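Engineer: Sharing a sequence plus its predicted fold:
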Amino acid sequence: MKLFARILYVLPAAALLASCSQPMSVKNEQMISPKETAVPVNFVVYPDDRPSIPDGSLVWKQQNCAQCHGDDGGKDAAVKLNDPRAMARLKPVETFKFLAFGDEKTHHPAVLKDRSNREVWNLVFYTRSLAVKALTDKDLEAILPVFGANCAVCHGTKGDGDGPLARNLEPMPANFQTFRRFYDRDDDTLFDHIANGIKWEGMPNFLGKVDTKKNVKFDHAYIHKLVLYIRNFSVSNNPTIIATGTPTAGTSTTGTATAAPSASSTSTGTTTGSSTSSAESGKTGENPAATATGAGGGNSQDVKTPTGSTTGH
């Protein structure tokens with residue numbers, strides 16, 4: 001009986017092992033549909049490190065963008081890339097989609113078919129810099145203590161939303177290093193949030209206020225600089241690739257390399273495309289208040305926009 005019981009146990013196991021040795025026939029229609037695993041059309045992949053404006057200039061040259069847009073981006077096209085007001089109304093993610101996937105109406109080619117996501121993001125911020133030039137290291141050094149005294153208490157010194165008062169606020173202060181969030185904001189919106197504040201969220205309005213200790217008045221021109229300073233947390237003015245297109249030492253060809261350090265960069269890094277200071281603007285005949293990013297509206301009464309119009313509720 002014991003021998004018979006053992007045989008009864010062994011036979012099913014042997015049959016199972018024998019079946020495993022036989023190849024299984026699986027028909028294609030039994031597999032999951034390729035459509036279920038396909039990448040969605042016009043899917044945006046955000047970078048894992050700050051895009052580089054200088055690297056974007058290399059993509060601009062290699063793609064021969066100047067043939068249609070001109071060297072300064074001002075050649076006749078659907079949008080003049082050197083127009084500060086036009087670019088202030090565009091979200092970086094909108095520019096990415098236009099460049100990456102192309103546009104049938106304007107017959108703009110899809111750059112992503114020839115370039116990596118990282119390279120397209122570099123190109124996005126280079127084109128934005130054609131309208132508003134990057135803040136200088138001197139500008140950054142001057143703004144840093146003002147940001148520290150007025151903004152860092154909530155947003156943190158590195159802009160990552162971890163200031164001393166952050167835990168007491170609901171919702172939490174914005175993390176300026178969140179690409180998905182700030183690439184989906186145009187400069188006009190950022191200007192509005194700083195100038196007029198955000199009701200019920202703890203964000204105060206700064207337009208017209210004065211920091212007596214830092215001897216700074218938050219007028220239109222200065223708030224415009226703060227917009228550019230905030231952009232600095234999610235874009236770099238440092239190159240990671242040398243002029244020949246070869247990665248610098250310690251960097252990666254996949255576009256995930258860390259930006260090369262700048263000897264004159266501040267604790268917050270170098271910045272993105274932006275406007276010059278008041279003195280510098282005077283050299284070109286520009287009025288910083290007139291070219292500053294828009295003030296928007298909806299959070300304050302009768303707040304004048306950079307263009308001189310007035311907003312209300």
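Structural biologist: Noted; the coordinates are in hand.
Engineer: domains for this structure, by residue range?
Structural biologist: 53-129, 137-251+275-300 (automatic domain parsing).
Engineer: could these go into CSV alongside mean neighbour count and mean pLDDT?
Structural biologist: For the C-beta atoms, the positions are set from N, CA and C on the backbone; glycine is no exception. Output for the domains of the chain, formatted as CSV (neighbours: other CB atoms under 10 Å; pLDDT from 0 to 100):
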stretch, mean neighbour count, mean pLDDT
domain 53-129, 18, 93
domain 137-251+275-300, 18, 80
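Engineer: can you redo these as CSV with distance to residue 35?
Structural biologist: Shown next, in CSV, are the domains of the chain (distance: least, CB to CB, whole Å):
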stretch, distance to residue 35
domain 53-129, 19
domain 137-251+275-300, 25
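Engineer: Between those, which one is closest to residue 38.
Structural biologist: Smallest distance to residue 38 across the domains of the chain (CB to CB): 15.2 Å, for domain 53-129.
Engineer: what's the span of the closest one from first residue to last?
Structural biologist: 8 Å (CA to CA, to the nearest Å).
Engineer: what do you get for stretch 65-73?
Structural biologist: Note: stretch 65-73 ends 9 Å apart using CA to CA.
Engineer: ok, which stretches of this protein are helices?
Structural biologist: Using DSSP state H, the helices found in the chain span residues 2-20, 34-37, 53-62, 66-69, 84-88, 92-101, 117-129, 137-150, 152-155, 179-182, 187-196, 220-231, 278-284, 288-291.
Engineer: can you put the ones you listed in TSV and add distance to residue 75?
Structural biologist: Below are the helices of the chain laid out as TSV (distance: least, CB to CB, whole Å):
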stretch	distance to residue 75
helix 2-20	68
helix 34-37	41
helix 53-62	13
helix 66-69	5
helix 84-88	14
helix 92-101	17
helix 117-129	13
helix 137-150	29
helix 152-155	39
helix 179-182	29
helix 187-196	23
helix 220-231	25
helix 278-284	19
helix 288-291	20
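Engineer: Which one, of those helices, ends up nearest to residue 165?
Structural biologist: The nearest among those, by CB to CB, is helix 152-155 at 5.2 Å.
Engineer: ok, the closest residue in space to residue 55 that isn't next to it in sequence - contacts?
Structural biologist: What sits nearest to residue 55 in space, not counting adjacent residues and going by CB to CB, 6 or more residues apart in numbering, is residue 122, at 4.3 Å. Applying CB atoms under 8 Å, 6 or more residues apart in numbering, we find residue 122 in contact with 51-53, 55-56, 58-59, 255.
Engineer: quick one: which two of those are the most distant?
Structural biologist: 53 and 255 (13.9 Å).
Engineer: show me what contacts the closest residue to residue 169 other than its chain neighbours?
Structural biologist: Nearest residue to residue 169, sequence neighbours excluded (CB to CB, 6+ apart): residue 202, at 4.5 Å. Contacts for residue 202 (CB under 8 Å, 6+ apart) come out as 154, 169-170, 173.
Engineer: ok, now how distant is residue 202 from residue 130?
Structural biologist: According to CB to CB, to the nearest Å, residue 202 and residue 130 sit 36 Å apart.
Engineer: same question, residue 105
Structural biologist: 22 Å.
Engineer: swap in residue 235?
Structural biologist: 14 Å.
Engineer: Residue 36 too?
Structural biologist: Taking CB to CB, one finds residue 36 at 41 Å from residue 130.
Engineer: Compare neighbour counts for those two and give me the winner.
Structural biologist: Neighbours were counted for residue 36 and for residue 130 using other CB atoms under 10 Å; residue 130 has more, 22 against 7.
Engineer: how much space between the residue nearest to that one when sequence neighbours are not counted and residue 241?
Structural biologist: Using CB to CB, 6+ apart and skipping the chain neighbours, the partner closest in space to residue 130 is residue 73 (3.8 Å). Separation of residue 73 from residue 241 (CB to CB) stands at 21 Å.
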